[in-house]
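Asks: Just to be clear, the model below is a prediction. Sequence and coordinates:
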Amino acid sequence: MGKLTIGCFASLVGSVSLDFTVKLAEAAVKKGHKVDLWVSGNATMLSKKGQRAFKDYSALQKTINGLLETGNFQMTACEACAEARGYHKEDTMEGCKRFSMDWYLASCFSADRVLHIGGD
Amino acid sequence: MGKLTIGCFASLVGSVSLDFTVKLAEAAVKKGHKVDLWVSGNATMLSKKGQRAFKDYSALQKTINGLLETGNFQMTACEACAEARGYHKEDTMEGCKRFSMDWYLASCFSADRVLHIGGD
Amino acid sequence: MATKRLCFVIRTLPYKIEGSRLAMTHAIASQTVEIYLEDGDLVEASVCFIADGVLNCLKNQAAMKHYGITSIEQHLKNSLLLDMKVMICKEDLEKFGISEDTIVKDAEDLGGETVAQIVPYSEIQKEMEAVDHLLFC
Amino acid sequence: MATKRLCFVIRTLPYKIEGSRLAMTHAIASQTVEIYLEDGDLVEASVCFIADGVLNCLKNQAAMKHYGITSIEQHLKNSLLLDMKVMICKEDLEKFGISEDTIVKDAEDLGGETVAQIVPYSEIQKEMEAVDHLLFC
Amino acid sequence: MKLGVLMSDFRTGSDVLDRLSAEKLGIIFVGNGIYHATVKEGGKTSPILEKSATYYVLTEDLESRGFTSANVDSRIKPVTYNDMVDLIFNEYEKFIWI
Amino acid sequence: MKLGVLMSDFRTGSDVLDRLSAEKLGIIFVGNGIYHATVKEGGKTSPILEKSATYYVLTEDLESRGFTSANVDSRIKPVTYNDMVDLIFNEYEKFIWI
């Protein structure tokens, strides 16, 4: 079983790129792999608590909670990206972390595979 | 003097599209025009309070506060877009409004010019 | 008493960005805009699909099944159900080799009567000239 | 004791999206990654500019003056100051008609010694093969 | 119609712009659209400049990206945000952002 | 190297993909990349399909956009998220998202 680190820079809430990331993470964890997910740029908002589920926006919070419970999934938000958007520490979804960018590089260090979703 | 309504769907915090919108609004208000700014999609985050200024992200809050003070500028955020991102009513920047999408169309009704910034 | 006409022109692909989705939901919001206007004033919205945007009109979009989100197909049907004017560019459908029977043309299954118009680009150009404001997405 | 090498490949234009900016700030973060690693372990980051991405390397970007944000030029200088390996695709510069004297090649004004390498694409391909992980932005 | 087009991208949107017609057409390069005004790819200027239109480029976006008015094709007039407000209210009636 | 490319866009990125070489190259169409696998523009299939590579397309993204496996060019193998995990860990070593 391997470790996959996924980094998401600039995906959009309401676009399918973030959904892709979460669905891939889910499939990998189900197969027994470990997944680290780093959300930066606009993707940072994925880790904010209190997201309301609408039928027009993918509601990923539930899936993420399920993934966090397995113990084989970590989600970490970029601290600076969050602060710039007015989203502070106390607003972080339970079980998610906030670190500076070096956390992502450390996760890549121990990963077997890295999938980095850069620009939009 | 005329009224310009600008709608921004999917601009990104940290991209220059939102900066463009705010700088254009500022130039128009300085010339004595009225400007309504509708922020929807990811652009909604522009109206959230508590955005921290970093040198790597455009910090537009100050300019917006200045514009609001003139009385010739309104900023309204899309309610559903905000809620989907976990950004609730009490987090709205002072002086900004939150309405459903029809507000934007009503603003277009009375506008002399409309500039709609759609996709990314 | 006045009517202002807005035309949403959808030119981008669905799903990756929110453009076409928000265009549809904003256009549909024209149905409730009166609460902000004076008696007798109206906003009328039309929706045109051009270029890559015509790919928003395909039938059988399984976005709800796979991602739990409303498909653009569903939004298109809703707009027809509300008798909104919908125009789809004929040349662009042809360019992509999309036959008319594979795109959403009506909301009959929901009891709607209005149908989408598949028209040459020149008709869409006329619509763009006729309306008060253009909103490209 | 191990070193893992990451290569950030910047292929997109600056400013409109955050891709190139975040690539630079993440690459620079390799300088502080040790706090998460065991003694002797290292992460080394390199940055390559290809395709439209080479337009990030132009001198005299007045982003701070006009928009109050750090320019990509400044990030590029910072990365050279930290002795990061920076490669810029020669063919792509030529394609755009950009002469070498109009791009950022060093951070001499800040006291830096490392210079950016203007290299054929084949050298960048070699770098991509040599590293452990690729991060395209 | 009197149509102002804000061209904000370099790699997409030309297909849409190509077909647009207007009695009076203005094309304003903003954001990454400024590369149409400044860069010769493979020695060629952008095909967008072949339309029958009046061309403008936003100085602030030009300079942010490392160019100056000296780099701009002679068919294009540099304008500031301030000028753009006048274009919006006085020169054109409808605007689109591509 | 054994390189897997996730192609997520329809209108950009081909220039980057064109030049990439790898001993073993896999191209997986995801998101709006699936139009490369399904749409014939002006009667022609996407030039991306001319590379010497193994091609895959993500079924979920195909179906979300109104296509089925029946619409897919015969050179391309439909895969699910589940299959993709195996491609990631067993078939290729490095991955890029374009």
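Replies: It's in.

Asks: need the strands for chain A, in chain order.
Replies: Taking DSSP state E as the test, the strands found in chain A are A:3-8, A:34-39, A:73-78, A:97-99, A:113-117.

Asks: Any chance of a markdown table for those, columns mean neighbour count, distance to chain B and mean pLDDT?
Replies: (Each C-beta comes from the backbone N, C-alpha and C, glycine too.) Converted to a markdown table, the strands of chain A look like this (neighbours: other Cβ atoms under 10 Å in any protein chain shown; distance: least, Cβ to the nearest Cβ, whole Å; pLDDT from 0 to 100):
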| stretch | mean neighbour count | distance to chain B | mean pLDDT |
| --- | --- | --- | --- |
| strand A:3-8 | 24 | 13 | 93 |
| strand A:34-39 | 26 | 13 | 97 |
| strand A:73-78 | 23 | 11 | 97 |
| strand A:97-99 | 17 | 13 | 97 |
| strand A:113-117 | 26 | 14 | 96 |
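
Asks: Distance to E:V85 for those strands - can I get that in CSV?
Replies: Listed next are the strands of chain A as CSV, based on distance: least, Cβ to Cβ, whole Å:
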stretch, distance to E:V85
strand A:3-8, 37
strand A:34-39, 38
strand A:73-78, 36
strand A:97-99, 41
strand A:113-117, 38
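
Asks: mind listing the strands in chain C by residue range?
Replies: Under the criterion DSSP E, chain C contains strands at C:3-10, C:42-49, C:85-89, C:117-119, C:133-136.

Asks: From the centroid of chain C, which residue is nearest?
Replies: Centroid-nearest residue in chain C: C:V47, 3.7 Å away (criterion: Cα atoms, centre = their mean).

Asks: thinking that residue is in contact with C:T25, fair?
Replies: No. Contact criterion Cβ atoms under 8 Å: C:V47 and C:T25 do not qualify, at 11.1 Å.

Asks: Give me the longest helix you can find in chain A.
Replies: With residue count as the measure and DSSP state H as the assignment, chain A has helix A:16-30 as its longest helix.

Asks: tell me, how many neighbours does residue 108 end up with?
Replies: I'll assume chain A. Burial of A:C108 is recorded as 27 neighbouring residues (other Cβ atoms under 10 Å in any protein chain shown).

Asks: meant chain C, my bad for not saying
Replies: If you count neighbours by other Cβ under 10 Å, C:E108 ends up with 12.

Asks: same check, this time on the one 4 residues further on
Replies: Burial of C:G112 is recorded as 16 neighbouring residues (other Cβ under 10 Å).

Asks: how much space between the residue in chain C that chain D sits nearest to and B:F9?
Replies: In chain C, the residue that lies nearest chain D is C:I17 (11.1 Å; Cβ to the nearest Cβ). From C:I17 across to B:F9, the span is 8 Å (Cβ to Cβ, to the nearest Å).

Asks: ok, and the closest non-adjacent residue to C:D106?
Replies: The shortest distance from C:D106 to any non-neighbouring residue, by Cβ to Cβ, 6 or more residues apart in numbering or on different chains, is to C:V115 (4.6 Å).

Asks: again with A:H88
Replies: Take A:H88 and drop its neighbours on the chain: the residue closest to it by Cβ to Cβ, 6+ apart is B:G50, 6.6 Å away.

Asks: pretty sure the one you found contacts A:A84?
Replies: No. Assessed by Cβ under 8 Å, B:G50 is found out of contact with A:A84, at 10.4 Å.

Asks: Which stretches in chain E count as helices?
Replies: E:14-19, E:34-38, E:59-64, E:81-86.

Asks: Dump the ones you listed to CSV, plus distance to chain A and mean pLDDT.
Replies: Formatted as CSV, the helices of chain E follow (distance: least, Cβ to the nearest Cβ, whole Å; pLDDT from 0 to 100):
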stretch, distance to chain A, mean pLDDT
helix E:14-19, 19, 95
helix E:34-38, 16, 97
helix E:59-64, 18, 97
helix E:81-86, 23, 98
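
Asks: Neighbours of the residue in chain C positioned nearest to chain F, how many?
Replies: Nearest to chain F in chain C, going by Cβ to the nearest Cβ, is C:L58, at a distance of 3.1 Å. Using other Cβ under 10 Å, the number of residues around C:L58 comes to 22.

Asks: now swap in A:D91 and tell me
Replies: By other Cβ under 10 Å, the residues close to A:D91 number 17.

Asks: what residues are up against E:I96?
Replies: Residues near E:I96 by Cβ atoms under 8 Å, 6 or more residues apart in numbering or on different chains: B:116, C:9, C:134-136, E:3-6.

Asks: Check C:I103 too.
Replies: By Cβ under 8 Å, 6+ apart, the contact set of C:I103 is C:54, C:57-59, C:88, C:93, C:116, C:118.

Asks: Pull out the buried residues from those residues.
Replies: Buried members of those, scored by 16 or more other Cβ atoms under 10 Å in any protein chain shown, are C:54, C:57-58, C:88, C:93, C:116, C:118.

Asks: Extract the C-alpha set from stretch E:49-69 and format it as CSV.
Replies: Extracted C-alpha coordinates of stretch E:49-69, given in CSV (Å, rounded to 0.1, in the frame of the first residue of the first chain):
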residue,chain,number,x,y,z
LEU,E,49,-5.5,42.7,-34.7
GLU,E,50,-6.8,42.1,-38.2
LYS,E,51,-10.4,42.9,-37.3
SER,E,52,-12.0,46.2,-38.3
ALA,E,53,-12.0,47.7,-34.8
THR,E,54,-10.5,50.3,-32.6
TYR,E,55,-7.9,48.8,-30.3
TYR,E,56,-6.9,49.8,-26.8
VAL,E,57,-4.6,48.3,-24.1
LEU,E,58,-4.8,48.9,-20.4
THR,E,59,-1.5,50.6,-19.4
GLU,E,60,-1.6,49.3,-15.8
ASP,E,61,-1.9,45.7,-17.0
LEU,E,62,0.8,46.2,-19.6
GLU,E,63,3.3,47.5,-17.0
SER,E,64,2.4,44.9,-14.4
ARG,E,65,3.5,42.2,-16.8
GLY,E,66,6.8,43.9,-17.7
PHE,E,67,5.9,45.8,-20.8
THR,E,68,5.6,49.5,-21.7
SER,E,69,3.8,51.4,-24.3
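
Asks: tell me which residues in that stretch are buried?
Replies: E:53-67.

Asks: wait, which of these is closest to D:R5?
Replies: Taking Cβ to Cβ as the measure, E:G66 is the one of these closest to D:R5, at 29.6 Å.
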